[in-house]
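Engineer: A structural model of the following input is requested.
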Amino acid sequence: MRKILMKSIIQSIPAVIIGGIMAIIALYTKIDFFKIVSNYSFFIVPPLLAGFIAKEKCGSTGFVPALILGSLSQFTNLGLIGGILSGIFIGYFVELLKKIKVPLEFSSIMYLIIIPIASTLLGSSIMFYLLKEPITFFIENTNIYLNTLSDKNIIFLIFILGGMIGADLGGPINKIAYIYGITTLDYGKYDIMGPLAVAICIPPLSLGIAQYILKNRFSKIERDTGILAIFLGILGITEGALIYLTKDIKILPITVISSAIGACSAAILHVTSKAPHGGLIVLPLIENKIGFLISIAIGSLAAIFLLYFLKNPVSKEF
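Structural biologist: Coordinates of the predicted model:
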């Protein structure tokens, strides 16, 4: 399954890149057209992920149901995680249904109607009736908790937000922190988005750099995506680190801690930003540019340090 996940993520990355570049053009030109293209580009990433994962696992029969389920995951605030889970669920479920023996004359009905409808209905029912309410409850209560922190300790709040950015790399936890940050811009508060702009780029940027420094900690396919990860980090696309996380779950605490450290460094150095985006690409819009670069360096060095101790050397090339 890990190979399927990595292949599917690589296949979906063009949509992420298009979305990121369109968002940056919109940021600098203030033209709504580019923002609309960006939003739709990011919107199709979870469905694409779900579709590619299911197709790799169970063949083309599961592709359309996974696309539908991946799209529905957007409405339950599951994001990329929802796309991945949708693809895995459809892949295994369709594979199970394929084992049912039917007469040859009914095989086309089975594969074109029964399996797609059954898998779509079951998957969407689970998403709406089992997952939607708990996720909504979690998001609402997390926002309430974050609001209580904003009145007490700004450094601790930014530490939490930075860690959330690195937690699921474009998933629901990441989006809660990001949306919280851009919401503060509406109230004229720029001391939250500055540190988040740092945290957003640290996971892909640090991992992309680390595979050159700690070569024996990464497989060949991970090293081959190093340049891409650095590029996505510069663009402020946290999802660029997702391929490393699917390969080794030990990456998760590293991205969480290093993003939190980078964000805290930016808060201490009074880095602020009016831009609802992150990464080195927003440097011209940052107040205290030197502090911004120092904070990215601190967070990236923290990630590389943690990688050295937490990620085991690979024993062979893949």
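Engineer: Tell me which other helices or strands the least confident helix or strand in the chain by mean pLDDT touches.
Structural biologist: Counting by mean pLDDT, DSSP states H and E, the chain has its least confident helix or strand at helix 220-224, which shows a mean of 78. Counting contacts by 3 or more Cβ pairs under 8 Å, 6 or more residues apart in numbering; DSSP states H and E, helix 220-224 packs against helix 242-247. The way it works is simple: take the backbone N, C-alpha and C, and place the C-beta from them, glycine included.
Engineer: Give me the residues contacting the helix it packs on.
Structural biologist: When contacts are defined by Cβ atoms under 8 Å, 6 or more residues apart in numbering, helix 242-247 is touched by residues 2, 5-6, 9-10, 80, 169-170, 207, 219, 221-222, 225, 229, 251-252, 255.
Engineer: hey, C-alpha coordinates of that helix in PDB?
Structural biologist: As requested, the backbone C-alpha atoms of helix 242-247 are provided in PDB (Å, rounded to 0.1, in the frame of the first residue of the first chain):
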ATOM      1  CA  LEU A 242       3.400  14.100   2.200                       C
ATOM      2  CA  ILE A 243       5.400  11.600   0.100                       C
ATOM      3  CA  TYR A 244       7.900  11.300   3.000                       C
ATOM      4  CA  LEU A 245       5.200  10.800   5.600                       C
ATOM      5  CA  THR A 246       3.600   8.000   3.600                       C
ATOM      6  CA  LYS A 247       7.000   6.300   3.400                       C
END
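Engineer: next helix or strand past it?
Structural biologist: Stepping forward along the backbone from helix 242-247, the first helix or strand reached (DSSP states H and E) is helix 251-268.
Engineer: list the helices and strands that next one packs on?
Structural biologist: helix 154-165, helix 193-213, helix 242-247, helix 289-310.
Engineer: Tell me which of the ones you listed lies nearest to residue 106.
Structural biologist: When the helices and strands packed on helix 251-268 are compared for distance to residue 106 using Cβ to Cβ, the nearest one is helix 242-247, at 37.6 Å.
Engineer: Centre of the chain to the closest one, how far?
Structural biologist: Taking Cα atoms, centre = their mean, to the nearest Å, one finds the center of helix 242-247 at 10 Å from the center of the full chain.
Engineer: name the helices or strands packed onto the helix of greatest length in the chain?
Structural biologist: Taking DSSP state H as the criterion, the chain has its longest helix at helix 2-29. Here helix 2-29 is seen to pack against helix 32-43, helix 45-58, helix 79-97, helix 226-235, helix 242-247 when contacts are counted using 3+ Cβ pairs under 8 Å, 6+ apart.
Engineer: Buried residues of that helix, list them for me.
Structural biologist: Residues 4-6, 8-9, 11-13, 15-27 are the ones in helix 2-29 that count as buried (16 or more other Cβ atoms under 10 Å).
Engineer: That one versus helix 45-58: what angle between them?
Structural biologist: Interaxial angle of helix 2-29 relative to helix 45-58 (axes from the mean of the first three to the mean of the last three Cα atoms, to 10 degrees): 160 degrees.
Engineer: Give the rounded mean pLDDT of helix 2-29.
Structural biologist: Taken as a whole, helix 2-29 has a mean pLDDT of 88.
Engineer: Same check on stretch 55-68?
Structural biologist: 92.
Engineer: Flag every buried residue along stretch 177-189.
Structural biologist: Buried positions in stretch 177-189, judged by neighbour count with 16+ other Cβ under 10 Å: 177-178, 180-181, 184.
Engineer: burial count for residue 140?
Structural biologist: As a burial measure, the neighbour count of residue 140 was computed by other Cβ atoms under 10 Å and equals 11.
Engineer: Name the helix or strand for it, please.
Structural biologist: When elements are assigned from DSSP H and E, residue 140 belongs to helix 132-150.
Engineer: List the buried residues in that helix.
Structural biologist: So, applying 16+ other Cβ under 10 Å, buried residues of helix 132-150: 132, 135, 139, 142, 146, 149.
Engineer: Now the two most distant members of the residues you listed.
Structural biologist: Across those, no pair lies farther apart than 132 and 149, at 26.3 Å, counting by Cβ to Cβ.
Engineer: quick one: stretch 21-34 to chain centroid distance?
Structural biologist: Taking the mean C-alpha point of stretch 21-34 and that of its whole chain, the gap between them comes to 21 Å (Cα atoms, centre = their mean).
Engineer: Now that stretch - C-alpha only, CSV.
Structural biologist: Extracted C-alpha coordinates of stretch 21-34, given in CSV (Å, rounded to 0.1, in the frame of the first residue of the first chain):
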residue,chain,number,x,y,z
ILE,A,21,1.3,28.9,-8.4
MET,A,22,-2.1,30.3,-9.2
ALA,A,23,-2.5,31.3,-5.6
ILE,A,24,0.8,33.2,-5.6
ILE,A,25,-0.1,35.0,-8.9
ALA,A,26,-3.4,35.9,-7.4
LEU,A,27,-1.6,37.2,-4.3
TYR,A,28,0.6,39.5,-6.2
THR,A,29,-1.8,40.6,-9.0
LYS,A,30,-5.0,40.7,-6.9
ILE,A,31,-6.8,39.2,-9.9
ASP,A,32,-9.7,37.0,-8.8
PHE,A,33,-9.4,34.7,-11.9
PHE,A,34,-6.2,33.2,-10.6
